[in-house]
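Enquirer: Generate coordinates for the sequence data below:
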Amino acid sequence: MPWHHLVNQLIQCEQQEIELYQRIACHAPTECLRKIIMNMIEEEKHQIKRWREFLKKNDC
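Expert: Predicted coordinates:
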């Protein structure tokens, strides 16, 4: 399997993590915990952006 397919799979996994974190955040028992989870979501989004830029720079 070409490496860029693996990176695309990784991006899909990151997107699934975001969806899971969003569901968890909706049910967080405190505002503080919700904010922590929302920060985790932002980190995942940033990772996806970096992977996409990486693919773009490598013409994939």
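
Enquirer: show me where this structure has strands.
Expert: Shown for the chain, no strands are assigned by DSSP state E.

Enquirer: Now do the helices in it.
Expert: 3-26, 31-57 (DSSP state H).

Enquirer: Let me have the ones you listed in JSON lines, adding mean pLDDT and mean neighbour count as columns.
Expert: The C-beta positions use only the backbone N, C-alpha and C, and glycine is treated the same way. Shown next, in JSON lines, are these (pLDDT from 0 to 100; neighbours: other Cβ atoms under 10 Å):
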{"stretch": "helix 3-26", "mean pLDDT": "97", "mean neighbour count": "13"}
{"stretch": "helix 31-57", "mean pLDDT": "97", "mean neighbour count": "13"}
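
Enquirer: quick one: stretch 13-31 to chain centroid distance?
Expert: Remark: stretch 13-31 is offset 11 Å from the chain centroid, using Cα atoms, centre = their mean, to the nearest Å.

Enquirer: how about it as CSV, C-alpha atoms only?
Expert: The C-alpha trace of stretch 13-31 is given here as CSV (Å, rounded to 0.1, in the frame of the first residue of the first chain):
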residue,chain,number,x,y,z
CYS,A,13,-8.9,8.2,12.1
GLU,A,14,-8.2,11.8,13.3
GLN,A,15,-11.6,12.9,12.0
GLN,A,16,-13.3,10.0,13.8
GLU,A,17,-11.5,11.1,17.0
ILE,A,18,-12.9,14.6,16.6
GLU,A,19,-16.4,13.2,16.2
LEU,A,20,-16.0,11.1,19.4
TYR,A,21,-14.5,14.0,21.3
GLN,A,22,-17.4,16.2,20.3
ARG,A,23,-19.9,13.7,21.6
ILE,A,24,-17.9,13.4,24.8
ALA,A,25,-17.8,17.1,25.2
CYS,A,26,-21.6,17.4,24.9
HIS,A,27,-21.9,15.2,28.0
ALA,A,28,-19.0,16.6,30.1
PRO,A,29,-20.0,17.0,33.7
THR,A,30,-18.2,20.3,34.1
GLU,A,31,-17.4,23.3,32.0
